[in-house]
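Trainee: what shape does this take:
(2 chains)
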Amino acid sequence: MTKEELLSKLKIIIVPYVQNQEGLKNLTEDTDFIKDLEINSANLVDVVLDVEDEFDIEIDNDAMEKMLTVKASIEVIENKLASK
Amino acid sequence: MIGNDIVDLQLASKQSNWQRRGWLQKIFTIEEQQCIKDSKTPETLVWKFWCMKEAAYKAHQRRFSISPKFNPKNFECLLDNKVRIDNHTYTIYTEATTEYVYSIVKKVGIDYYSKIYDREIDLKYNLKQMIAQKLNISLSIAIEKDSNRIPVVHIHKKETDIQISMTHHGRYSAVVLVTG
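Mentor: Residues are numbered from 1 along each chain as shown, chains lettered A, B, ... in the order given. Below you'll find the model as predicted:
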């Protein structure tokens, strides 16, 4: 899976939780889920669970704590996919 | 250190499905999950624990200048309204109604000022007014976030050690302030 494919899949996952649509228009690797997209912190759990379902991976506590930005989430997904 | 968090229970029940498979397991320890399972009002307890964890997270993050992390499970709710992270324990003051849950973390014995708003307001503006009144000053007050996104109060362009925490969810906002 290329990074672009991964990013577009991640974007589809986060859309339902985004409260700041402007942030979504300017989505980059540096986008922060809480600061830029105003995703409610309790919904970060849903993002993590959706990522697990979509990519068929398991995200442990140590990986989850990093998943606050697009970039960090992509790294976590790539690592978990590589060790599958 | 100081930290607060508010949960609008109506909005929370719309935004989150706490019964979703895996959801509780990602946030709560085995003991917390058991308490929720045994509770007569499990949903209220879910948000009470969540609120306590979030308030403790903010206080802990401020105390040790920790960069943002999403690690709610590491903040363990204990009996007697305490939350433990690593070898640190925080006492939480929680107020729960049928509409919201509000938690504050502060040092024991320290005077603080806290206010909950149930309407749309400019939280920063209100907080600045509050600081000006408490300190009886009219100098320019600014609230900036540091590199860890912890709010810091500047008075006349100088950083102060006034501790603040702000929270907003749905219909509710709250601020807590310790002037030292």
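Trainee: hey, let's count contacts and neighbours off CA atoms from now on
Mentor: Noted.
Trainee: check which helix or strand the residue lying closest to B:A142 once chain neighbours are set aside maps to.
Mentor: In this structure, B:A142 finds its nearest non-sequential neighbour in B:H154, 5.0 Å apart by C-alpha to C-alpha, 6 or more residues apart in numbering or on different chains. Assigned by DSSP states H and E, B:H154 falls within strand B:151-155.
Trainee: what's the next secondary structure element after that strand?
Mentor: Following strand B:151-155 in sequence, per DSSP H and E, is strand B:158-159.
Trainee: neighbouring strands of the longest strand along chain B in the sheet, and parallel or not?
Mentor: Criterion DSSP state E: the longest strand present in chain B is strand B:88-96. Sheet pairing for strand B:88-96, assigned by DSSP bridges, gives strand B:82-85 (antiparallel), strand B:100-106 (antiparallel).
Trainee: ok, and what's touching the first one?
Mentor: Right, strand B:82-85. Residues from elsewhere that reach strand B:82-85, judged by C-alpha atoms under 8 Å, 6 or more residues apart in numbering or on different chains: B:M52, B:K53, B:A56, B:N74, B:F75, B:E76, B:C77, B:L78, B:T89, B:Y90, B:T91, B:I92.
Trainee: ok, 10 Å please
Mentor: The contact list for strand B:82-85, computed with C-alpha atoms under 10 Å, 6 or more residues apart in numbering or on different chains, reads B:49, B:52-53, B:55-57, B:60, B:72-78, B:89-93, B:105.
Trainee: correct me, but the residue nearest to B:A142 touches B:S140?
Mentor: Yes. Between B:H154 and B:S140 there is a contact at 8.2 Å, judged by C-alpha atoms under 10 Å.
Trainee: for residue 27, what are its contacts?
Mentor: Because you didn't say which chain, this covers chain A. A:L7, A:K11, A:Q21, A:D36, A:L37, A:V70.
Trainee: nope, chain B
Mentor: Contacts of B:I27 by C-alpha under 10 Å, 6+ apart are A:42, A:45, A:61, B:33, B:46, B:49-50, B:53, B:70-76.
Trainee: now the strands for chain B?
Mentor: All strands of chain B, identified by DSSP E, fall at B:2-8, B:76-78, B:82-85, B:88-96, B:100-106, B:113-117, B:141-145, B:151-155, B:158-159, B:163-169, B:172-178.
Trainee: who does the first one touch, helix- and strand-wise?
Mentor: For strand B:2-8, the helices and strands in contact under the criterion 3 or more C-alpha pairs under 10 Å, 6 or more residues apart in numbering or on different chains; DSSP states H and E are helix B:42-64, strand B:88-96, strand B:100-106, strand B:163-169, strand B:172-178.
Trainee: who are the packing partners of the fourth one?
Mentor: In terms of contact count using 3+ C-alpha pairs under 10 Å, 6+ apart, strand B:163-169 is assigned the packing partners strand B:2-8, helix B:9-15, helix B:42-64, strand B:100-106, strand B:113-117, helix B:123-135, strand B:151-155, strand B:172-178.
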